[in-house]
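Asks: Test case, fold it:
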Amino acid sequence: MSNTDPIHLNLQGSAASLFTRLDEEKNAKLASLIRALAFIAIESAHSGHPGGSSSKVEQLLALLLSGLYAFDPLDPKNPGRDRLVWSAGHCTPLLYGTLVLIYESLSRAGIKFDKEKLNAIIPECLLKFRHCDGISGHVESIYPLADVSTGSSGHGLSAAAGIAALHRSCGLATKIWVLMGDAETEEGISYEARNMINTLGLANLIVLLDYNHFGIDGNINEVVSTPYINHWLGLGWNVIEVNGHNVAELLEAYKKAKEGFKNDHPTVVLCHGTKGLHYGKNENKSDSHGSPAKHDEYIEIMKKLGFNIPGIDKKIQDDLDFVLSLLDKDLAEYFLEKIKKGRELLPDESQQIAKMTQTLPNRPLIKPTAITRPAQLPPELVFAEGAEVATRKATEAWFKWLMTQSAFFYLGAGDLMKSILTGAAENIYGIINKDNPLGRGFRFGIAEQ
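Replies: As a prediction, the model looks like this:
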């Protein structure tokens, strides 16, 4: 194996010695609270996606506890933050439950914030989940911990690839974290994204993959009949396998993934888990994907989780109040102290601008949409009146000129560069790849995404 080969590590059952100081009891309580809040949202709407939401709880919680994820809940759209993309865009009960836990912890610590300004999710938001005047059933990027609006499985990874390419090609150290389900691997757009992410050398992108074996209709083995790991390792990804419900193993994996393996490959953390964990009769079944429990079973589920809720039908507020009563000061402070470490990772915006200026000398740091028509057109954009000029020849000149006007203009074609004439512009800074990370041209190949 050369130092450019992708790495495969299996950390299942490992001691996870780097994070032995973490309080396992508190972590378990936090995970239970997030699940309970997610299940309350689903019960309030009698709709939603419990399966993937519950199976990913520890994956998201570990990221927040790790001190590796640059994020500040009081400044959630800080430009220096790491990006988090929910390719599994239906797992909003998990997103909202986690945000309620964060902002309720802040409130109990006496920290004031402007809910409207931050788009913070507070407890009463859960009672309007999937209502016309409430929070959406799919992820929207206006909220903290969400940087792309997603819904249907699969397309989030492609969006994350674009974000990762942008940041890496500007010399920024931003990490792009992607929460993804295993059934997404079935999609053509997912294959194209996995292939391109490695080809572009986007080692700043880390996928947290919920490997629970189920889609909506059944086991993914009915569709993916070859060894699952091959669909990642075979495309050049570093693969780290862990127990997806073991916070210590997840933390170890995240640390290794963020440090990287110095081989310019992206990394996927393959989180072996149980779909619909703790969600009653549908645990470890495909039916947990989008089938809310009946009210009586919901009560039983909550009590098995350790929440002796009132459970009176249509009085979900009482259940919510009871669950939050178990968020004591000690637990809230522990949670906030861990999140605080992520806030300390945020670079100052001026530092980022200085880094881009240093990385991209002589390239104007102007967004393409801010460029206006020059009072005097450059000669290459002037065509003789009445001359017959093919549209693609005119756009060829336009693209080439625009490439010199903005550091943030990118161009590519689906194996059609010679047909639609994007090559002249692409060649100014070259094609983005592992050897030329600061390029501005893309080679998509024959693709659908």
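Asks: got the residue ranges for the strands in this structure?
Replies: 8-10, 83-86, 176-181, 205-211, 238-243, 267-272, 411-413, 441-443 (DSSP state E).
Asks: How about the contacts made by residue 120?
Replies: 73, 99, 103, 113, 144 (C-beta atoms under 8 Å, 6 or more residues apart in numbering). Bear in mind the C-beta positions are built from the backbone N, C-alpha and C, glycine included.
Asks: show me where pLDDT drops low in the stretch 301-449 of the chain?
Replies: In the predicted model of the stretch 301-449 of the chain, residues 449 satisfy pLDDT under 70.
Asks: The nearest residue to residue 73 once chain neighbours are set aside and residue 166, how far apart?
Replies: What sits nearest to residue 73 in space, not counting adjacent residues and going by C-beta to C-beta, 6 or more residues apart in numbering, is residue 102, at 5.1 Å. Using C-beta to C-beta, to the nearest Å, residue 102 is found at 27 Å from residue 166.
Asks: Among the two, which residue is more densely surrounded?
Replies: residue 102 (23 against 15; other C-beta atoms under 10 Å).
Asks: Next up, the contacts around the more buried one.
Replies: Residue 102 touches 64, 73, 144, 335, 339, counting by C-beta under 8 Å, 6+ apart.
Asks: rewinding a little: of the contacts of residue 120, just say which sits nearest to residue 217.
Replies: When the contacts of residue 120 are ranked by distance to residue 217 (C-beta to C-beta), residue 99 comes first, at 30.5 Å.
Asks: what's the neighbour count on that closest one?
Replies: Residues contacting residue 99 under the criterion other C-beta under 10 Å number 26.
Asks: Might one say that it is in contact with residue 145?
Replies: Yes: counting by C-beta atoms under 8 Å, residue 145 is a contact partner of residue 99 at 6.4 Å.
Asks: still on that earlier bit, report the two of the contacts of residue 102 separated the most.
Replies: Pairwise over these, using C-beta to C-beta, the maximum falls at 144 and 335, 14.7 Å.
Asks: Run the chain-centre distance for the helix ranked longest in the chain.
Replies: Longest helix in the chain by number of residues (criterion: DSSP state H): helix 24-45. Centre-to-centre, helix 24-45 and its host chain are 20 Å apart (C-alpha atoms, centre = their mean, to the nearest Å).
Asks: Run through the neighbouring helices and strands of that helix.
Replies: When contacts are defined as 3 or more C-beta pairs under 8 Å, 6 or more residues apart in numbering; DSSP states H and E, helix 24-45 sits against helix 50-55, helix 57-65, helix 92-108, helix 247-259, helix 295-304, helix 316-325, helix 329-343.
Asks: cutoff 7 Å now
Replies: In terms of contacts (3 or more C-beta pairs under 7 Å, 6 or more residues apart in numbering; DSSP states H and E), helix 24-45 is packed against helix 50-55, helix 57-65, helix 92-108, helix 295-304, helix 316-325, helix 329-343.
Asks: buried stuff in it?
Replies: Of the residues in helix 24-45, those with enough neighbours to count as buried (16 or more other C-beta atoms under 10 Å) are 27, 29-45.
Asks: Repeat that for stretch 192-205.
Replies: Buried, per 16+ other C-beta under 10 Å, within stretch 192-205: 192-205.
Asks: can those go into TSV with extra columns for distance to residue 435 and pLDDT?
Replies: Listed next are the buried residues of stretch 192-205 as TSV, based on distance: C-beta to C-beta, whole Å; pLDDT from 0 to 100:
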residue	distance to residue 435	pLDDT
192	21	94
193	21	95
194	20	96
195	17	96
196	16	96
197	16	97
198	14	97
199	11	96
200	11	96
201	8	96
202	14	98
203	13	98
204	16	98
205	18	99
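Asks: Low-confidence ranges, the stretch 151-300 of the chain, go.
Replies: Low-confidence segments of the stretch 151-300 of the chain, defined by pLDDT under 70, are located at 284, 286-290.
Asks: Tell me, please, where in the stretch 1-150 of the chain the pLDDT is lower than the cut-off.
Replies: Low-confidence segments of the stretch 1-150 of the chain (pLDDT under 70): 1-3, 15-22.
Asks: Now do the buried residues in stretch 332-349.
Replies: For stretch 332-349, the buried set under the neighbour-count rule, 16+ other C-beta under 10 Å, comprises 332, 334, 335, 336, 338, 339, 342, 343, 345, 346, 347.
Asks: Likewise for stretch 249-256?
Replies: Quick answer for stretch 249-256 (16+ other C-beta under 10 Å): 249, 250, 251, 252, 253, 254, 256.
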